[in-house]
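Chemist: Please work out how this folds:
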Amino acid sequence: MTAPNGQKNILMASMHVADRHLRQPDRRVLRQARVVVTEHSGFGDGTVSATPWHKGLEPADIATLREHLSCKLPIRDDTLVDNVIRLHLAQPTPVAADGCDSVGYESRDMIIQLAQQRYGITPSYLETDREVVAQEKRVPWDTSGCGIHFTLSNAAAILRADLVDALNDGDYAKVDRTARKYFAATGMDYGTFYNVMVGERNAAWMQTLPPLLDAGGAFVLVGASHLPGRDGLIALLRQRGYTVQLVQLPAGTGTTAEAARCPSS
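Modeler: Numbers count the residues shown, from 1 in each chain. Model (predicted):
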């Protein structure tokens, strides 16, 4: 992104969960960043309030979730698995229900957060955790169990793969179409969710984001659904005179091992 005053910045989309097929950035792309901008301070670490998606779970769903989580743990310990399940059930959404094939990989959120800490870059947030909680309370979250049933299904895995392909290609129109299909399959009204959790937040962020971009050197990471469409950040920024151009950054492995060997200079 180039601001009207010529300052350069980077805007990157995230899917918030690990996937071994998602092309991840080399952490060193942050070395020259002045500030790392994310949605809120609880971004990616589960500190925002939980929603009641877990109330519709059945014993078979817990068994499937147990199977998915067990393969991610270094040792098989039933007590440990039970504790991890309780932790995941307290999360805002059933994001922990992805498959076992991403063991050892990190989410894009975590990759950027660790790089920001490693290079001592100042963090900045587009909103407060309290503001996110207030927004979430206005969403008619699914409590029937349909959402988690679908999330644990093969059909959901196919749509997640489509989302990864869209992100790898920089095809944000496809990101939007895939998100709509996913929500339709869970039985949730995507329009209501989008208006509250994407559209309104994007509009609010446009009060905070421009000054950061005008100063230059900002690395901005937000959920992929915030980019496409007429209410998306790409369109809103262009309306304000910012140039948004698709670029491909140097790639990293996306694994947990990369964090340990990432050089600090």
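
Chemist: Tell me the bridge partners for Val220.
Modeler: When bridges are called by DSSP bridges, Val220 pairs up with Leu11, Val37.

Chemist: what's the distance between it and Leu152?
Modeler: Noted for Val220: a distance of 32 Å to Leu152, by CB to CB, to the nearest Å. C-beta coordinates here come from the backbone N, C-alpha and C atoms, glycine included.

Chemist: When these two are compared, which one has more neighbours?
Modeler: Val220 (25 against 21; other CB atoms under 10 Å).

Chemist: May I ask you to confirm that the more buried one is in contact with Pro210?
Modeler: No: using CB atoms under 8 Å, Val220 and Pro210 do not qualify as a contacting pair, with a distance of 11.4 Å.

Chemist: Where does Val133 fall, secondary structure wise?
Modeler: helix 129-136 (DSSP states H and E).

Chemist: Please apply the same query to Ala18.
Modeler: Per DSSP H and E, there is no helix or strand for Ala18.

Chemist: residues touching Arg238, list them.
Modeler: Val244 (CB atoms under 8 Å, 6 or more residues apart in numbering).

Chemist: Which pLDDT value belongs to Gly42?
Modeler: You'll see Gly42 listed with a pLDDT of 73.

Chemist: now do Val17
Modeler: 77.

Chemist: again, but for the one 10 residues further on
Modeler: At Arg27 the predicted local distance difference test score is 92.

Chemist: Equivalent analysis for Val133, please.
Modeler: 80.

Chemist: how far away is it from Arg66?
Modeler: 29 Å.

Chemist: Alpha carbons only: can I get stretch 205-215 in CSV?
Modeler: Output in CSV follows, covering the C-alpha atoms of stretch 205-215 (Å, rounded to 0.1, in the frame of the first residue of the first chain):
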residue,chain,number,x,y,z
TRP,A,205,-10.8,1.1,11.4
MET,A,206,-10.7,3.7,8.7
GLN,A,207,-10.5,6.2,11.5
THR,A,208,-7.4,4.6,13.0
LEU,A,209,-5.6,3.1,10.0
PRO,A,210,-4.9,6.1,7.7
PRO,A,211,-2.6,8.0,10.2
LEU,A,212,-0.6,4.8,10.7
LEU,A,213,-0.2,4.4,6.9
ASP,A,214,0.6,8.0,6.3
ALA,A,215,3.5,7.7,8.7
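
Chemist: Tell me the buried residues in it?
Modeler: Buried residues in stretch 205-215, counted by 16 or more other CB atoms under 10 Å: Trp205, Leu209, Pro210, Leu212, Leu213.

Chemist: Check which helix or strand the last one maps to.
Modeler: In this structure, Leu213 sits in helix 200-215 according to DSSP H and E.
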